[in-house]
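Participant: Starting from these lines, generate the structure:
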Amino acid sequence: MLEKCFICSQRTELEPGFCEGSGYLTYGLSVWKSIITFVVWISATGYGFKNREVL
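Facilitator: Residues are numbered from 1 along each chain as shown. From the prediction side, this is the model:
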């Protein structure tokens, strides 16, 4: 990988903390997707918390 862009001379290295930040973002999106999937499953199957079939 080139150190700098040959047109504008901007560095092409990743910023410090990039991997950590992307890990937090990926984790948050995965949790959000799991919650949405659970809500859709509850709605589609008719299970609910009132009759305690899920828990």
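
Participant: Helix or strand for Cys19, just tell me which one.
Facilitator: Applying DSSP states H and E as the criterion places Cys19 in helix 18-45.

Participant: what comes up buried for that helix?
Facilitator: By neighbour count with 16 or more other C-beta atoms under 10 Å, helix 18-45 contains no buried residues. (C-beta placed from N, C-alpha, C; glycine too.)

Participant: now it, how far from the chain's geometric center?
Facilitator: Relative to its parent chain, helix 18-45 has a centroid offset of 6 Å by C-alpha atoms, centre = their mean, to the nearest Å.

Participant: tell me the mean pLDDT for that helix?
Facilitator: On average, the pLDDT along helix 18-45 is 92.

Participant: Which elements pack onto that helix?
Facilitator: If you count contacts as 3 or more C-beta pairs under 8 Å, 6 or more residues apart in numbering; DSSP states H and E, helix 18-45 packs onto no helix or strand.

Participant: And what about Leu2, helix, strand or coil?
Facilitator: coil (DSSP: H, G, I helix; E, B strand; the rest coil).

Participant: Any figure for the gap between it and Tyr47?
Facilitator: Relative to Tyr47, Leu2 is positioned 55 Å away (C-beta to C-beta, to the nearest Å).

Participant: Which residue of the two possesses the greater neighbour count?
Facilitator: Neighbour count, other C-beta atoms under 10 Å: between Leu2 and Tyr47, Tyr47 has more, with 14 against 7.

Participant: in this structure, which residue is closest to the centre?
Facilitator: Note on the chain: the residue nearest the mean C-alpha position is Leu29, at 2.3 Å, using C-alpha atoms, centre = their mean.

Participant: For Ser34, list the residues it contacts.
Facilitator: Under the criterion of C-beta atoms under 8 Å, 6 or more residues apart in numbering, Ser34 has no neighbours.

Participant: Would you enumerate the residues in contact with Phe18?
Facilitator: Contacts of Phe18 by C-beta under 8 Å, 6+ apart: none found.

Participant: which residues does the residue nearest to the centre of the chain contact?
Facilitator: By C-beta under 8 Å, 6+ apart, the contact list for Leu29 is empty.

Participant: roughly how far apart are it and Ile7?
Facilitator: To Ile7, Leu29 is 33 Å away according to C-beta to C-beta.
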